[in-house]
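> Here's my sequence, what's the structure:
(chains A and B)
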Amino acid sequence: MVDAAQVAQWLEKLKQGSLVAADLECALQRLKQGGGQTPVQRLLYLQTNTTDLESPVLGMATVEDGVVNEGADDPDAWPYQTVLEAMVDGWRIVKFPELALAYLDPEYGGMKWEFILEK
Amino acid sequence: MEVEKYDCEATLSDGQVMDFCRKGYLMLEGVVADEVNRRTVAFLDERDGAEPTEILQQDWFVDGVVKNPQGAGAVRALLGRDFALPRLMANHRVECPAPALNWHQDGGSIITPRLDYLQVFYYPEEVTRALGPTQILPGSHLFKGYGGLLSRLRSVRDSILTISPPGTIFLTAYSIWHRRSASTARGIRNNLKYNYWRTVEPRRDWVEDPNFNFSWPANEFPPFTVRAAQMLAWLCGEEWQHAGGQGWPCFSSTPHGGDQPGLPAGLRQRP
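Sure, this is the predicted structure:
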């Protein structure tokens, strides 16, 4: 796959005047064969007690390799106990909780604060 | 067909009724006789559809399950005398292994302090974790779930897997959040589901304990919320309004004597 290391190598060869068409043709061939497929997005859904990043996680699910997964039956075995822990492990927040939900019908409730993260 | 009513001794105490209002469910493990469990399984093997309502015409089933002394006794406590018996029987029969279903509230759920009916489940056989027991979220009967979000939930902290011995009956408030959990074993899991209905106005005519203190509920999960308190007050036939502040049902980590401010008049130890 064409990645940062590959580009750095080409740049070095270019500076040295040794970059040849075959270097790029080889990479092009690999891309045509699928080596350049976009990595599948990984998602992490975390429902929390409040909108605080350090609020305890109440619910979780992951999407990895196109498959939706549950966590363990025992919440203590879940990979993250707070959203902050997931961020420290490299997950990026793509969706913060919908604060508008706080103003809806008070009959609604429970598990309404949800962060969606991706890698 | 005329609605058949039934009456029996109420078996729940003040504390158990209060717990039901708080949690929204009550487990009665292994209360149905083995012989009835066996006959039920045999019946369901022959009639393996989703609505084997004809089982309600079997005297052995009605006596052993529908009018089971502990099951019906709990229903009597929560719905009052002369409650109406089920007229429809559903069977959530699953060929395992099977994936989990989405979390949901059953169609027709409303959020109300009234308890006019109960949704009851019966497992005729042992249900292990591997056979995908129904999973419920205690306390969720008092909240409407956001439809789109509810179906996206998967693992939920503090949810309960109803792993049970054969002959277990569990009662739920209709609106409780629940789902079938994933199963990994091979086999059939039957789970019969039916409803009882209230026919009389509510009043505190279960097993009354004059020494039970409704005040200062414990700090536990699920909490005894204002909504749970509204349900209990309604069941007791009490006119009650939440005063707020440290009035009932404000929790406390330590037990206190005496009545809490704001406790409904009929629940006070010193009227």
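
> May I have the secondary structure class of residue B:109?
Secondary structure, DSSP: H, G, I helix; E, B strand; the rest coil: residue B:109 is coil.

> Now do the phi/psi pair for it.
When read as degrees, to the nearest 10, the backbone of residue B:109 gives phi -70, psi 130.

> Spatially nearest residue to it (excluding sequence neighbours)?
Counting by C-beta to C-beta, 6 or more residues apart in numbering or on different chains, residue B:109 lies nearest to residue B:175, which is 3.9 Å off, once chain neighbours are set aside. Where you see a C-beta, it was placed from the backbone N, CA and C, and this is true even at glycine.

> Look up how far chain A lies from the spatially closest residue to residue B:33 that is not a sequence neighbour.
With sequence-adjacent residues excluded and distances taken as C-beta to C-beta, 6+ apart, residue B:33 is closest to residue B:64, at 5.9 Å. Between residue B:64 and chain A the computed distance is 32 Å (C-beta to the nearest C-beta, to the nearest Å).

> same question, residue B:106
Residue B:106 is 16 Å from chain A, where distance means C-beta to the nearest C-beta.

> So which residues of chain A form helices?
Counting by DSSP state H, chain A has helices at residues A:4-16, A:21-30, A:83-88.

> Which strands or helices does whichever helix in chain B runs longest pack on?
Ranked by number of residues, the top helix in chain B under DSSP H is helix B:34-46. Using 3 or more C-beta pairs under 8 Å, 6 or more residues apart in numbering or on different chains; DSSP states H and E, the elements in contact with helix B:34-46 are helix B:59-61.

> cutoff 10 Å now
With contacts taken as 3 or more C-beta pairs under 10 Å, 6 or more residues apart in numbering or on different chains; DSSP states H and E, helix B:34-46 sits against helix B:59-61, strand B:117-123, strand B:187-189.

> ranking the ones you listed by burial, who's on top?
Per residue and on average, the most neighbours among the helices and strands packed on helix B:34-46 fall to strand B:117-123, with a mean of 23 (mean count of other C-beta atoms under 10 Å in any protein chain shown).

> Leaving out chain neighbours, which residue sits closest to residue 101?
The chain I'm using is chain A. In space, residue A:101 comes closest to residue A:112 once its chain neighbours are excluded; the distance is 4.9 Å by C-beta to C-beta, 6+ apart.

> right idea, wrong chain: chain B
residue B:180 (4.4 Å).

> where in chain B is pLDDT low?
For chain B, the stretches flagged by pLDDT under 70 are B:1, B:270-271.

> need the residues of it near chain A, please.
With C-beta under 10 Å from any C-beta of the partner chain as the criterion, chain B meets chain A at residues B:99-100, B:103, B:110-112, B:129, B:135, B:137, B:139-140, B:142-147, B:149-150, B:152-159, B:161, B:177, B:181-182, B:222, B:225, B:227.

> between the helices of chain A, which one is nearest to chain B?
Closest of the helices of chain A to chain B is helix A:83-88, at 14.2 Å (criterion: C-beta to the nearest C-beta).

> wait, what's in contact with residue B:247?
Neighbouring residues of residue B:247 by C-beta atoms under 10 Å, 6 or more residues apart in numbering or on different chains: B:241, B:260, B:261, B:262, B:263.

> Please repeat the previous calculation with a cut-off of 7 Å.
By C-beta atoms under 7 Å, 6 or more residues apart in numbering or on different chains, the residues touching residue B:247 are B:260, B:261, B:262.

> Helices along chain B, start to end?
For chain B, applying DSSP H gives helices covering B:14-23, B:34-46, B:59-61, B:69-79, B:147-150, B:226-235.

> List the buried residues for the fifth one?
Residues of helix B:147-150 classed as buried by neighbour count (16 or more other C-beta atoms under 10 Å in any protein chain shown): B:149, B:150.

> Using CSV, list the CA coordinates for that helix.
Listed in CSV are the C-alpha atoms of helix B:147-150, where the atom choice follows Å, rounded to 0.1, in the frame of the first residue of the first chain:
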residue,chain,number,x,y,z
GLY,B,147,-36.8,5.0,19.4
GLY,B,148,-33.8,5.4,17.2
LEU,B,149,-31.3,5.3,20.0
LEU,B,150,-32.9,2.4,21.8
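
> how far out from the middle of the chain is it?
Offset of helix B:147-150 from its chain centre (C-alpha atoms, centre = their mean, to the nearest Å): 23 Å.

> Same check on the longest one?
Going by C-alpha atoms, centre = their mean, the spacing between the C-alpha centre of helix B:34-46 and its chain's C-alpha centre is 23 Å.

> and the angle from that helix to strand B:117-123?
Angle, helix B:34-46 to strand B:117-123, by axes from the mean of the first three to the mean of the last three C-alpha atoms, to 10 degrees: 90 degrees.

> Can you list the buried residues in helix B:34-46?
For helix B:34-46, burial by neighbour count (16+ other C-beta under 10 Å) applies to B:36, B:37, B:39, B:40, B:43, B:44.

> check contacts around the third one.
When the contact criterion is C-beta under 7 Å, 6+ apart, the partners of residue B:39 are residue B:60.

> change it to 8 Å
Contacts for residue B:39 were tallied using C-beta atoms under 8 Å, 6 or more residues apart in numbering or on different chains; they are B:58, B:60, B:61.

> can you check the last one too?
Contact analysis of residue B:44 by C-beta under 8 Å, 6+ apart lists B:52, B:55, B:91, B:93, B:124, B:190, B:192.

> for chain A, which spans come out with low pLDDT?
Across chain A, the ranges flagged by pLDDT under 70 are A:1-2, A:34-37.
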